[in-house]
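In: let me see the structure of the following:
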Amino acid sequence: MPGFLGEISTVDVKKGFGKSNKSSLIHDTIESQKYYLERRTIRKFENDKVFSEDDVYIIITEDVVLNSLHLTERYKVIDLKNVVVN
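Out: So this is what the prediction gives:
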């Protein structure tokens, strides 16, 4: 099923939530020693969702942002992540 899963812990985390049965889904992970985040999502909406990490932020949106093109144009940024961060 599409969505995202995560585990955050003060000790080492178990990495992985099992294999996805649907090869058509995008499968991404963001991980460190203290957290493990996994996304399984439909390719059709890939540009309308954010699954990103940088030095400061981890940003995950799962719902489709219907006006993402309008937002990126309005804020003059290249992607939805930068709309959220800026």
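In: contacting residues around the residue most central in space within the chain?
Out: In the chain, the centroid-proximal residue (C-alpha atoms, centre = their mean) is Phe51; its distance is 2.0 Å. By C-beta atoms under 8 Å, 6 or more residues apart in numbering, the residues touching Phe51 are Phe4, Asp28, Ile30, Leu37, Arg39, Thr41, Ile59, Ile60, Thr61. Every residue, glycine included, has its C-beta placed from N, CA and C.
In: out of these, which one sits closest to Asp79?
Out: Checking these against Asp79 by C-beta to C-beta gives Ile59 as the nearest, at 10.8 Å.
In: ok so, going back, among the contacts of Phe51, name the buried ones.
Out: Phe4, Ile30, Leu37, Arg39, Thr41, Thr61 (16 or more other C-beta atoms under 10 Å).
In: quick one on the thing from earlier: please name the bridge partners of the residue nearest to the centre of the chain.
Out: Ile60 (DSSP bridges).
In: quick revisit: now the buried ones among the contacts of Phe51 in CSV, with pLDDT and secondary structure?
Out: Output for the buried ones among the contacts of Phe51, formatted as CSV (pLDDT from 0 to 100; DSSP: H, G, I helix; E, B strand; the rest coil):
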residue, pLDDT, secondary structure
Phe4, 87, strand
Ile30, 94, strand
Leu37, 93, strand
Arg39, 90, strand
Thr41, 86, strand
Thr61, 88, strand
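In: just the closest of those residues to Ser23, please.
Out: Thr41 (13.2 Å).
In: my guess is the closest one contacts Glu62. True?
Out: Yes - if you go by C-beta atoms under 8 Å, Thr41 and Glu62 touch, sitting 7.5 Å apart.
In: quick revisit: closest one of the buried ones among the contacts of Phe51 to Ser24?
Out: Thr41 (10.3 Å).
In: which residues touch that closest one?
Out: Pro2, Gly3, Phe4, Leu25, Ile26, Lys49, Phe51, Glu62.
In: can you tell me the helix or strand for the residue of the chain positioned farthest from its centre?
Out: Ranking residues of the chain by C-alpha distance from their mean position (C-alpha atoms, centre = their mean) puts Val11 at the top, at 23.0 Å. Assessed by DSSP states H and E, Val11 sits outside every helix and strand.
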